[in-house]
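*Asks:* sequence first, then the predicted structure, then my questions.
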Protein chains: 2
Amino acid sequence: MVRKSASGRIGIADVAVKAGVSHATVSRVMNGNFTVDPEIAARVRAAAVELKYQPNPVGRSLALGKTDTIGIVVPDLANPTFQAILRGLSRAAAQDGYRVLIADSFEVSSEETILAGEARRRCDGLVLCAPRMSDAELEEIAPSLRPLVLINRTTAAAGVPSLVVDYGQGVQDIAEHLVDLGHTRLAFLAGPPRSASNNLRLQGLEAFKAAHPQVEVTMLEGGSDFDAGHGAVDAVLESGATGILAFNDLVAMGLMSGLHERGLDVPGDISVTGFDDIPFAKYTTPTLTTAAVPITELGEQAWHQLRALIRNEESDAPGSRYQPKLEVRASTGPAKAARTAVHG
Amino acid sequence: MVRKSASGRIGIADVAVKAGVSHATVSRVMNGNFTVDPEIAARVRAAAVELKYQPNPVGRSLALGKTDTIGIVVPDLANPTFQAILRGLSRAAAQDGYRVLIADSFEVSSEETILAGEARRRCDGLVLCAPRMSDAELEEIAPSLRPLVLINRTTAAAGVPSLVVDYGQGVQDIAEHLVDLGHTRLAFLAGPPRSASNNLRLQGLEAFKAAHPQVEVTMLEGGSDFDAGHGAVDAVLESGATGILAFNDLVAMGLMSGLHERGLDVPGDISVTGFDDIPFAKYTTPTLTTAAVPITELGEQAWHQLRALIRNEESDAPGSRYQPKLEVRASTGPAKAARTAVHG
DNA sequence: GCAGCCTGAGAAAACGCTTTCTGAGGCAAG
DNA sequence: CTTGCCTCAGAAAGCGTTTTCTCAGGCTGC
C-alpha cells in the first residue's frame, strides 16, 4: 500500500510521509539544497529510492516557469535538410539537459503560424524553419515567440537571431564551376516558388547573370524532391542547357535518374549539380557535385543561440551566415565539344 | 497596461478581470462549456481575443493530468529508418492533436533506459525503439512506462503492444531470391552485434540454412551505416560469396560504392541486397534489390496503438507483425558461375 | 405565496511541485 | 541569565489551469 495520492503515481507527499518530514524538505533534498540536516536528507533519499519517486516534471515546470524543452517547427520532416537540423539541434540541446518537441507543418504556411505558437507555449524557446510564411506574418508573430531562433529567414524584430545559409553565394559558386568547365548554357531547376531559400538562389543567379552576360541561364520550374527532378527531364532537354543546377541534391538525383533512363550520360552529355551535400550525395552514380552546407552544425548553432537567449546572456553573435562549400564530384564535367561546335 | 501577473504573460486572471467575471467562468468559456450565459460568454471571448489570451499548457496539463504529448525514444536520429518512424508517428499523432517529444539515445543502451523514463514522465505515452537494451532491463522498466508501444521488441509485460517487422522472414525471402538466381555462396554483412533486429535476421538465416543445406552462408561483421558497408569490401571479396545480404540499405549502398571503386560490377560480378527500402534505394546505381518495410506506416500504427492505450480502449490488436516485401531491382542478377555454365 | 428545483456563476480546492515566510530551538555574547 | 542571532524544518503561498462545491436567484407547481 504505497500509493497515497489518487492519481496512482507516487508524489512528493508520499515520500514526505514515508520519511516523516514535510513536502518542503523533500523538495529541498531532491534539489540538492544543503540547508537540510544530513541525517534527514539521507532518510528522505532512502524513502525516495524505496518508493522509486521521480518528480513530476509538469508540476515542476509550473512552479519553475520553465520546461527544459525547446520546440522546432519544420516544414517537412521527410526532407533530409530538416532532419539534419533536427539532429544537430537535438544532440546539442540534450547535452544541456533540454529536450526537443517537434512540429511538422507539412509545407502549409498557415499551419506554420499556429504550430509555432502552440509549440512555443509548451517550451522555453523555439527554432523556426518556416520557409513559406510571408515576411509580414513572420514580422507579426516573431516577438511573441521569443526566445526564438530563425533558420534561413530574417526579421527586423529585436533579439531574434537568424542562422542563414548563403544560398545565393553557393549557387554562384556552382555556376562559376560550370562555366569554368566550358558550359555556356545553364538551366536552374527551381524549388518551390514561395520558398525563401529558393528566392535566395534566384538572387544569386541574378548576380551571376550580371557578371556573366555571355552565359545563358534558363529558369525551369521544379520542386524540392526526387520526383520534381525526375519529372523535369523533358524540360531540361528542351532547354538545350548542358549544365543543370538543381534546387537541391534530391532534385538532382531525381534528374540524374531520369536522364539515365533516357540513355543520356552524366556528365558526358549533361552536367548536373545539387545543393546541400546530403549524406547520399557521395554515393550516387555518378557522385554528385554540390554545395555543402554544414547543416547539422547549423542545428547545433541554433541551440547555442537559443540557449544564450534563454539564459538571458548577451548573444555575442546576433546571427550567423553560413557559406556553402563547393564539392566537386563526378556529376560535372567539360561541356560537350559537339554542342559548342554546332554553335559556330 | 494589460499585464497584471508578474510573469509578463497574460493569464486567465487577466481575462477574468477584463470581462468582469471569475476565473472559473473564463475557463468554462474557453473549454466550450455551455452552462454559461451567452452574453457573458461573448464578453469573455471578446476579452480573450483583445488580450490575445492563450491558455498556458503547463497549468492545463497539471490540472488535467495529461500533456497531449507523446514521446519517442530512438537509438539514432541519423538513421533513415527511425526518421521514417518518427515521421509517421508525428503525422498521425498531429492528426489527433498530439505532439511528439523526441529523445535520441545515440546508440547507448544505458541512455535508453534513462531517456525513456524522463520522456515518459513528460508525456502521456511512449514509443520505444530500444534495440540495444537487454531483455531483462526492458522487462523491468516496461510496466512503469505504460502506456507504451514497442518497436521491434517484445515483452511479457501485459498491455504493451509491439510492432515488429519480420526481419527473419524478409532475410529468408532475399536469400531465396539469390538462390533462385543461381547463387550458392552467400554472405551476410551483419548489423550491430547487440541489435535486436540483427538477431531476428540471424534467426531467419538459420532457418534458411536448415532449408538449404547446399548453400554456403558466410557471416561477416558489419554495422548499420554507409561506412560499415564501404569498409567491408575486403571481407566480402575474401569470402568468395557472389550474393551479399547487407544488414540494411545503407550498408548495401556503402558496399556497392566500395565494389565500384574496386572495378567490380554489380550485379555482374556480385549481387548485393539491402533491407528497408529507404527512399534512396530506388535511385542508387544500380537500383537496389531490397526488402521493403512499410516503415512510415509502422510509425502511424504505433500512434494508433498508443492512442488506444491512452484512451483506455481495448486494443483490438495487441500488436502487429509486418511482413517485408521483396523488391527486386537491378543490384541482383544471375550468379556468375551459373551464367557461364549455362552459356557453355 | 411558498417549498423545492434548476440554472448559472463565484469561491475554493485540487493538480505536484518550489520557495518564501514563519517560528522553534540552539548557541554565543554580553 | 538573558538577549539576539543563526540554523533548519514545517506551514503556506504561489505557479495557471480545471472542476467540484456552494449558493443566490428565478422558476415551477401546488
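*Replies:* That came through fine. Residues are numbered from 1 along each chain as shown, chains lettered A, B, ... in the order given.
*Asks:* CA-only coordinates of the helix or strand hosting A:Pro143 in PDB, if you can.
*Replies:* Applying DSSP states H and E as the criterion places A:Pro143 in helix A:135-145. C-alpha atoms of helix A:135-145 as PDB (Å, rounded to 0.1, in the frame of the first residue of the first chain):
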ATOM      1  CA  ASP A 135       7.600  38.200 -44.300                       C
ATOM      2  CA  ALA A 136       4.700  40.200 -42.900                       C
ATOM      3  CA  GLU A 137       3.400  37.400 -40.900                       C
ATOM      4  CA  LEU A 138       6.800  36.500 -39.600                       C
ATOM      5  CA  GLU A 139       7.300  40.000 -38.500                       C
ATOM      6  CA  GLU A 140       4.000  39.900 -36.800                       C
ATOM      7  CA  ILE A 141       4.400  36.800 -34.700                       C
ATOM      8  CA  ALA A 142       8.200  36.800 -34.100                       C
ATOM      9  CA  PRO A 143       8.100  39.000 -31.000                       C
ATOM     10  CA  SER A 144       5.500  36.700 -29.300                       C
ATOM     11  CA  LEU A 145       7.600  33.700 -30.000                       C
END
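*Asks:* what about it and DNA strand D, any contact?
*Replies:* No - counting by Cβ under 7 Å from any atom of the strand, DNA strand D has no neighbours in helix A:135-145; the shortest distance is 14.1 Å. In this view, the C-beta of every residue, glycine as well, is placed from N, C-alpha and C.
*Asks:* buried residues in whatever helix or strand comes next after that helix?
*Replies:* Later in the chain than helix A:135-145, the nearest helix or strand by DSSP H and E is strand A:148-151. By neighbour count with 16 or more other Cβ atoms under 10 Å in any protein chain shown, strand A:148-151 contains the buried residues A:Leu148, A:Val149, A:Leu150, A:Ile151.
*Asks:* touching, the last one and A:Trp303? I think so.
*Replies:* No - with contact defined as Cβ atoms under 8 Å, A:Ile151 does not reach A:Trp303; the gap is 11.7 Å.
*Asks:* show me the common contact partners of these two, please.
*Replies:* Common neighbours of A:Ile151 and A:Trp303, counting by Cβ atoms under 8 Å, 6 or more residues apart in numbering or on different chains, are A:Val127.
*Asks:* residue of chain A closest to DNA strand D, please.
*Replies:* A:Asp37 (2.8 Å; Cβ to the nearest atom of the strand).
*Asks:* near that residue, how many other residues are there?
*Replies:* By the measure other Cβ atoms under 10 Å in any protein chain shown, the count of residues near A:Asp37 is 10.
*Asks:* residue of the stretch 201-344 of chain A nearest chain B, please.
*Replies:* Closest residue of the stretch 201-344 of chain A to chain B, Cβ to the nearest Cβ: A:Thr285 (3.2 Å).
*Asks:* filter the buried residues of strand A:148-151 down to the ones near DNA strand C?
*Replies:* Within the buried residues of strand A:148-151, nothing lies near DNA strand C by Cβ under 7 Å from any atom of the strand.
*Asks:* for those, which one is nearest B:Val44?
*Replies:* Using Cβ to Cβ, A:Leu148 comes nearest to B:Val44 of the buried residues of strand A:148-151, at 29.6 Å.
*Asks:* where do the strands sit along chain A?
*Replies:* Secondary structure of chain A (DSSP state E): strands at A:69-74, A:99-104, A:125-128, A:148-151, A:162-165, A:185-189, A:216-220, A:243-246, A:271-273, A:290-292, A:319-322, A:325-327.
*Asks:* which elements pack onto the fifth one?
*Replies:* I take that to be strand A:162-165. The contact analysis (3 or more Cβ pairs under 8 Å, 6 or more residues apart in numbering or on different chains; DSSP states H and E) places strand A:162-165 against strand A:148-151, helix A:196-211, helix A:295-310, strand A:319-322.
*Asks:* same deal with the first one?
*Replies:* When contacts are defined as 3+ Cβ pairs under 8 Å, 6+ apart, strand A:69-74 sits against helix A:80-95, strand A:99-104, helix A:109-122, strand A:125-128, helix A:295-310.
*Asks:* most tightly packed of those?
*Replies:* Most buried of the helices and strands packed on strand A:69-74, by mean neighbour count (mean count of other Cβ atoms under 10 Å in any protein chain shown): strand A:125-128, with a mean of 28.
*Asks:* do it and chain B come into contact?
*Replies:* No - using Cβ under 8 Å from any Cβ of the partner chain, strand A:125-128 stays clear of chain B, coming no nearer than 12.8 Å.
*Asks:* so where's chain A shaky on pLDDT?
*Replies:* By pLDDT under 70, the weakly predicted segments of chain A are A:1-8, A:315-318, A:337-344.
*Asks:* who are the contact partners of the closest residue to A:Asn79 other than its chain neighbours?
*Replies:* Of all residues not flanking A:Asn79 in the chain, A:Ser224 sits nearest, at 7.0 Å (Cβ to Cβ, 6 or more residues apart in numbering or on different chains). For A:Ser224, the contact set (Cβ under 8 Å, 6+ apart) comprises A:Asp76, A:Asn79, A:Gly191, A:Pro192, A:Ser195, A:Phe247, A:Asn248, A:Leu250, A:Val251.
*Asks:* now those in a markdown table, with neighbour count?
*Replies:* Output for the contacts of A:Ser224, formatted as a markdown table (neighbours: other Cβ atoms under 10 Å in any protein chain shown):
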| residue | neighbour count |
| --- | --- |
| A:Asp76 | 18 |
| A:Asn79 | 19 |
| A:Gly191 | 26 |
| A:Pro192 | 19 |
| A:Ser195 | 20 |
| A:Phe247 | 30 |
| A:Asn248 | 31 |
| A:Leu250 | 29 |
| A:Val251 | 29 |
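*Asks:* in helices only, show me those.
*Replies:* Cross-referencing these against helices under DSSP state H gives A:Leu250, A:Val251.
*Asks:* let me see the contact set for A:Phe188.
*Replies:* Applying Cβ under 8 Å, 6+ apart, the residues near A:Phe188 are A:Val171, A:Arg201, A:Leu202, A:Leu205, A:Val217, A:Thr218, A:Met219, A:Leu220, A:Ile244, A:Leu245, A:Phe247.
*Asks:* just the buried subset of those residues, please.
*Replies:* For these, a neighbour count by 16+ other Cβ under 10 Å gives the buried set as A:Val171, A:Arg201, A:Leu202, A:Leu205, A:Val217, A:Thr218, A:Leu220, A:Ile244, A:Leu245, A:Phe247.
*Asks:* who's in contact with the fifth one?
*Replies:* Contact criterion Cβ under 8 Å, 6+ apart gives A:Ala175, A:Leu186, A:Ala187, A:Phe188, A:Leu205, A:Phe208, A:Lys209 as the residues in contact with A:Val217.
*Asks:* and of the residues you listed, the nearest to DNA strand C?
*Replies:* Of these, the one sitting nearest to DNA strand C (Cβ to the nearest atom of the strand) turns out to be A:Leu205, at 53.7 Å.
*Asks:* please verify my assumption that that closest one contacts A:Gly170.
*Replies:* No - using Cβ under 8 Å, A:Leu205 is not in contact with A:Gly170, being 10.9 Å away.
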